[in-house]
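Chemist: Pasted the sequence and its predicted model underneath.
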Amino acid sequence: MWLQFLSFAIQIFLSASLLKPVVVNTWGSKDFQQANRNALGSMYAGRLYALVEGLSTCERLQCDTTVGYDGSPDENGETTLDALIVDGNGVRMGAVANLHRIKDAARVAWAVMNYTKHTLLVGESATRFAVQMGFREEDISSNVSRAMISDWRSRNCQPNFWQEIDGATISSLDFLLFGVSMIAGRRWSNPLSCLCLIYCCIRQFCGNQ
């Protein structure tokens, strides 16, 4: 394990030294690696665009059934999505949290950053903005996610994960910070917990600038 970590660190250092783009993904499963390949293949259009393309791939492939539509219902039984885009070069960011009935959370966050003066749009306001930008509003839950919540409730809402949040994150390292993230969370999570995590990321980023 330590040898793998050392090899990974050396690759990042060498790529950064040569100003070559490096795409780092949180997880190593097949779908996440496909997202990495799509990101690298889109570098010609710009690093940040490439990362958004990688994250959008995860949303379409429903990586590990924890990212994207039809997965990880919250404690209210609804699948909602979150995404965060950070542009370290331009000191810009855009995010959506608790996004209802829209599949393309990463692209909506991209639109927030590029077409508004806002940093974060939440809930139904984020959904209305997405529709105004031409994104399709649709039911992103299914019988699978509804069966998940039904089974969870039959077990007295156990387990629950109010204090645990995981995220799918892709970053590009070449001395400038570019990052995109979609907060997958755990099933049955409190919708506000994802919002709080995104808010903390925004505060940290803005404070460091």
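Modeler: Alright, I've got the coordinates. Numbering: from 1, shown residues only.
Chemist: Write down the beta-bridge partners of the closest residue to Leu120 other than its chain neighbours, one by one.
Modeler: Nearest-residue entry for Leu120: Ala95, 4.5 Å, with adjacent residues in sequence omitted and distances by CB to CB, 6 or more residues apart in numbering. For every residue, glycine as well, the C-beta is placed using N, CA and C. Beta bridges link Ala95 to Leu84, Leu120, judged by DSSP bridges.
Chemist: What is the burial count for Ala95?
Modeler: Here the neighbour count serves as a burial measure; for Ala95 (other CB atoms under 10 Å) it reads 28.
Chemist: Surely it is in contact with Ala126?
Modeler: No - Ala95 sits out of contact with Ala126 when judged by CB atoms under 8 Å, with a separation of 9.0 Å.
Chemist: anything in contact with each of these two?
Modeler: The overlap between the contact sets of Ala95 and Ala126 (CB atoms under 8 Å, 6 or more residues apart in numbering) consists of Val112.
Chemist: elements contacting the helix or strand harbouring Val108?
Modeler: Element membership for Val108, per DSSP states H and E: helix 105-115. Using 3 or more CB pairs under 8 Å, 6 or more residues apart in numbering; DSSP states H and E as the contact criterion, the secondary-structure elements in contact with helix 105-115 are helix 47-61, strand 81-87, strand 92-99, helix 123-132, strand 177-182.
Chemist: Quick check: which ranges of the protein have low pLDDT?
Modeler: For the chain, applying pLDDT under 70 flags the ranges 1-20, 162-209.
Chemist: try 50
Modeler: Under the criterion of pLDDT under 50, the regions of the chain flagged as low confidence span 175.
Chemist: before we move on, the earlier item: please identify the most buried of the helices and strands packed on helix 105-115.
Modeler: Greatest average neighbour count among the helices and strands packed on helix 105-115 goes to strand 81-87 (a mean of 27), per mean count of other CB atoms under 10 Å.
Chemist: Just confirm Arg146 contacts Gly77, I think it does.
Modeler: Yes - assessed by CB under 8 Å, Arg146 is found in contact with Gly77 at 6.9 Å.
Chemist: give the contact list for Ser141.
Modeler: Under the criterion of CB under 8 Å, 6+ apart, the contact partners of Ser141 comprise Tyr69, Asp70, Pro73, Gly77, Glu78, Thr79.
Chemist: In a strand, it, correct?
Modeler: No - per DSSP: H, G, I helix; E, B strand; the rest coil, Ser141 lies outside any strand segment and is coil.
Chemist: And it, its phi and psi?
Modeler: The phi and psi torsions at Ser141 (degrees, to the nearest 10) take the values phi -90, psi 170.
Chemist: gap between it and Thr116?
Modeler: Noted for Ser141: a distance of 27 Å to Thr116, by CB to CB, to the nearest Å.
Chemist: For the contacts of Ser141, which single residue is the most surrounded?
Modeler: Neighbours here mean other CB under 10 Å. Within these, the largest count is held by Thr79, at 25 neighbours.
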